[in-house]
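Undergrad: Sequence and predicted model, in that order:
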Amino acid sequence: MRLLRRRELPPLLRAIHDPPARLYLRGNGDVTSLAEPAVAIVGARACSPYGAQVARMLGRELASAGVIVVSGLARGIDGEAHRGALETDGHTVAVLGCGIDRDYPAAHTMLARSICERSLIVSEYEAGVEPAPWRFPARNRIIAGLCAVTVVVEARERSGALITADFALEEGREVFAVPGEITSALSVGANALLRLGATPLTAAADVLESLGIQSPPKRTVEGNPLLDLLPATADELVQKTGLRVGEVIAALAELDVAGLASEGEGIYRRHA
C-alpha cells in the first residue's frame with residue numbers, strides 16, 4: 001500500500017474544492033498515471049445489456065487510445081468500464097468508498113485483483129474503514145476530480161452517477177451523456193443531463209476529440225466473413241453464411257477481441 005498526501009495529489013484532483021487530505025493506493029500501477037489524461041465512466045448498477053455493452057466498448061476504446069479509465073468498481077456500468085479497459089494494454093483506476101484494503105462489492109474481488117495487476121485502486125479511507133452510504137458521494141468527487149471528462153452511460157433519476165456529473169460540472173470539467181430511450185427509467189438521468197447542456201456521446205472518438213487525442217486506427221481482421229452481416233444473432237449468421245456453429249462463434253470472438261463488434265441481448269453489433 002502507498003500513500004499520497006494532499007501536496008502530492010495529481011494536479012486535477014488537488015484543484016477541486018474539497019480535495020482529500022490523503023489518498024491510499026494499492027496495485028502495481030505507476031503513481032504518475034494518476035496525472036495522465038483520464039475519463040470517468042459512470043452509471044447505473046442495474047444497467048441494461050445495451051448500457052453494459054456501451055460502457056465496456058468505451059472503456060476498451062479509451063484505454064486503447066492511452067486514456068486512463070476511472071470508475072467506482074460498482075456493479076453494472078462501473079464494472080463493465082473497468083473490464084473494457086482491461087481487455088487492452090491500457091490502464092484503469094478504481095476509486096473506493098471504503099477502506100483501501102476492501103474489495104467492495106465482494107462480487108468484484110476478482111475484478112479488483114485484475115486491476116491491481118497492472119493498474120491502481122485508490123481510496124481516501126485507510127484500511128479497516130467499512131463502506132457506508134455517505135461515503136459514496138464523497139468517493140464520487142474523487143472520481144470526477146481525477147478526470148478531465150466524465151461520461152454518464154445510464155442513470156436513473158436519483159442515480160449516484162448524477163452526483164459524479166454534478167461534481168464534474170462544478171469544477172468546470174466536461175460532461176458527456178449517452179442518449180437513452182425516453183421510455184426507460186434507466187435513461188431519465190442521462191437524458192436530463194442532455195437537457196441541461198451535457199454533450200451527447202455517440203462514440204469514443206467524441207471524448208478523445210475533446211481531449212485533443214487522435215483516435216487510434218481500428219484493428220482489421222482479414223478474412224472474417226461476418227462483420228458486414230452485423231447486427232445479427234449467432235443463429236442468423238449460421239443461416240446466412242452456411243458456416244458451422246463453432247466457426248461462427250470463433251469468428252465472432254475474433255471480432256470481439258479486435259474491438260470491432262460485441263454482443264448485447266444475444267445480438268452482435270459492429271462498433272462505429
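TA: Received it, and whenever you're ready, just let me know what you need. Numbering: from 1, shown residues only.
Undergrad: Spit out the contact partners of L3.
TA: R22, L23, Y24, L25 (Cβ atoms under 8 Å, 6 or more residues apart in numbering). Every C-beta, even on glycine, is put in place using the N, C-alpha and C of the backbone.
Undergrad: Can you read off the pLDDT for the second one?
TA: Note on L23: pLDDT of 98.
Undergrad: how many neighbours does it have?
TA: 26 (other Cβ atoms under 10 Å).
Undergrad: same for the helix or strand hosting it, what does it pack against?
TA: For L23, the host element (DSSP states H and E) is strand 22-26. If you count contacts as 3 or more Cβ pairs under 8 Å, 6 or more residues apart in numbering; DSSP states H and E, strand 22-26 packs onto strand 2-5, strand 120-123.
Undergrad: Including distance to L208, could the contacts of L3 go into JSON lines?
TA: Output for these, formatted as JSON lines (distance: Cβ to Cβ, whole Å):
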{"residue": "R22", "distance to L208": "32"}
{"residue": "L23", "distance to L208": "27"}
{"residue": "Y24", "distance to L208": "30"}
{"residue": "L25", "distance to L208": "26"}
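Undergrad: any idea whether D235 is helix, strand or coil?
TA: Under the three-state scheme (DSSP: H, G, I helix; E, B strand; the rest coil), D235 adopts helix.
Undergrad: re earlier: just checking: what are the partner strands of the strand holding L23?
TA: strand 2-5 (antiparallel), strand 120-123 (antiparallel) (DSSP bridges).
Undergrad: then the last one to PDB, C-alphas only?
TA: Once side chains and other backbone atoms are set aside, the C-alpha atoms of strand 120-123 remain, and they are given as PDB (Å, rounded to 0.1, in the frame of the first residue of the first chain):
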ATOM      1  CA  LEU A 120      -4.400   1.100  -9.300                       C
ATOM      2  CA  ILE A 121      -7.200   1.000  -6.700                       C
ATOM      3  CA  VAL A 122      -7.400   4.200  -4.600                       C
ATOM      4  CA  SER A 123      -9.300   5.400  -1.600                       C
END
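Undergrad: outside of it, which residues touch it?
TA: Contacts for strand 120-123 (Cβ under 8 Å, 6+ apart): 23-27, 29, 31, 33-34, 73, 91, 93-100, 112, 115, 129, 139, 142.
Undergrad: Give the buried residues for the biggest helix by length in the chain.
TA: Using DSSP state H to assign secondary structure, the helix with the most residues in the chain is helix 49-64. For helix 49-64, burial by neighbour count (16 or more other Cβ atoms under 10 Å) applies to 50-64.
Undergrad: after the helix or strand encompassing A250 comes which helix or strand?
TA: Under the criterion of DSSP H and E, A250 resides in helix 245-257. Toward the C-terminus, helix 245-257 is succeeded by strand 261-264 as the next helix or strand (DSSP H and E).
Undergrad: Which neighbouring elements make contact with that next one?
TA: helix 49-64, helix 245-257, strand 267-270.
Undergrad: nearest to A177, of the ones you listed?
TA: helix 49-64 (11.4 Å; Cβ to Cβ).
Undergrad: Now the element after that closest one, going C-ward?
TA: Criterion used, DSSP H and E; the element after helix 49-64 is strand 68-71.
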